[in-house]
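> Need a 3D model of the sequence below.
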Amino acid sequence: MDWIMIFRYLGVAIALANVSIIVILLSIYWKNYRKWKSEYTIGLLIFGFFLLIQNLLSMGFLAPPPPPGPSGGVGDGYSLMLINICQLISLSALLKISWK
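Modelled structure (predicted):
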């Protein structure tokens, strides 16, 4: 297995973890919205929804094998994996704060 595929599989796994955290956050925000009817919570729901879409699209770009030729280099999977790692750290902190 080459590095390109390793980065792609790691990126998909991290994106899946991001999707899981976002779904948990959305459920927390939905519960809070039903309780308080706050416009701020609506904003969090909208933001979370689009972040969920972005992560699902990210998984779609990482999951298929790279195209043959020079355009399917290591940088594609590596860049998306690093973005997903940053999001995972940020979402984990947000989940810790929101869970309380």
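> Now do the helix or strand where Leu57 lies: which elements does it pack against?
Here Leu57 sits within helix 39-62, counting by DSSP states H and E. Packed against helix 39-62 by the contact rule (3 or more C-beta pairs under 8 Å, 6 or more residues apart in numbering; DSSP states H and E) you find helix 3-36, helix 74-99. Any C-beta I mention is one placed from the backbone N, CA and C, and that applies to glycine too.
> Dump these into a markdown table; add mean neighbour count, distance to Leu62 and mean pLDDT as well.
Converted to a markdown table, the helices and strands packed on helix 39-62 look like this (neighbours: other C-beta atoms under 10 Å; distance: least, C-beta to C-beta, whole Å; pLDDT from 0 to 100):
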| stretch | mean neighbour count | distance to Leu62 | mean pLDDT |
| --- | --- | --- | --- |
| helix 3-36 | 17 | 4 | 92 |
| helix 74-99 | 15 | 6 | 88 |
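> Output the ones you listed as TSV; include the columns distance to Leu45.
As requested, these are exported to TSV (distance: least, C-beta to C-beta, whole Å):
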stretch	distance to Leu45
helix 3-36	5
helix 74-99	12
